[in-house]
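1. Predicted model and sequence follow; I will ask about them next.
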Amino acid sequence: MDILIDGLPASVEDLHYLALVNYGGVTSFRVEQGAVRGLDLHLARLHASAIEMFGVAVGEQRLRDLMGLALGDRRDAWLRVSLFSPFIWARLPSERVQPKVMTVVAPPATPLAESVRLQSQTYVRDAAHLKHTATFPLIRARRLAQDAGFDDALFADRDGLISEGTLWNVGFLRGDRIFWPQAPMLAGVTQALIDLGWSDQGLVSEMRPIHLRDMVTFDGAFLCNSATPVCPITAIDDVVFDNDPAILSRLERAWSSQPPQPVAV
């Protein structure tokens, strides 16, 4: 695992800050032959995060340059890009400053699982529209779910309105129609790529409020993120899904039909 900050080896001062302050934006993805599926969406995410969290953008070309520098000669990898600033901390939160860019390169990540059983938990992420570095609640939720005999946790609010999972988005299936939850949540890049590919096939998806009580009305369910394009959900709490393998294959083809975009331009 190689870590660079603004293209240079991480300094002790930067690592000291990162060890003590959990404030930053992040995105991560698989690099395939020097290209990334949905790279434009990841760049847009970083731009929006920089503006909202730091008040100053980084710039697309600088992000691309730093990604390319981090990758070097590696054509296949897992790349995490995060934004932070040592000028922002608990006692001084209001600085407007261009964030530093940390790149972490590792071998390609393996999928989360081949299938999962989920425990619903009452939780809504802080600033749910942002992919940020505050991961304590997510790790705790997965830990509690696994302690209870499940694989992972699905989040819903106090009224049972479903939003997302710990590290992924969730989709529900009825026939060949996808239903995405409409709730405070992170708009996932993989979710968007599946939607684009699904539409290209002339198929329909829609976003609407989905509650835990609605689970029995669906034929199937799946989770998705950059490391796991499609993973069937076999059960949520005591509701069991009989996922159609043909539909799951079509979902994965919808994702893979969106071509990787080169990092270097």
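-> Thanks, I have the structure now. Numbering: from 1, shown residues only.
2. who does the top helix by length along the chain touch, helix- and strand-wise?
-> Longest helix of the chain, by residue count under DSSP state H: helix 39-54. Contact analysis of helix 39-54 by 3 or more C-beta pairs under 8 Å, 6 or more residues apart in numbering; DSSP states H and E lists strand 25-31, helix 60-71, strand 77-84, helix 189-200, strand 261-262 as its packing neighbours. For every residue, glycine as well, the C-beta is placed using N, CA and C.
3. need these in CSV with distance to Asp152 and mean pLDDT, can you?
-> Listed next are the helices and strands packed on helix 39-54 as CSV, based on distance: least, C-beta to C-beta, whole Å; pLDDT from 0 to 100:
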stretch, distance to Asp152, mean pLDDT
strand 25-31, 18, 98
helix 60-71, 29, 98
strand 77-84, 20, 98
helix 189-200, 16, 97
strand 261-262, 29, 98
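4. could you dump these to TSV with distance to Asp2 and mean neighbour count?
-> Output for those, formatted as TSV (distance: least, C-beta to C-beta, whole Å; neighbours: other C-beta atoms under 10 Å):
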stretch	distance to Asp2	mean neighbour count
strand 25-31	13	21
helix 60-71	7	17
strand 77-84	9	21
helix 189-200	23	20
strand 261-262	20	14
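5. between those, which gets nearest to Val170?
-> Nearest to Val170, of all the helices and strands packed on helix 39-54, is helix 189-200, at 9.0 Å by C-beta to C-beta.
6. Which elements pack onto that closest one?
-> Short answer (3+ C-beta pairs under 8 Å, 6+ apart): helix 189-200 packs on helix 39-54, strand 169-174, strand 177-181, strand 205-208, strand 220-225, strand 228-236, helix 245-256.
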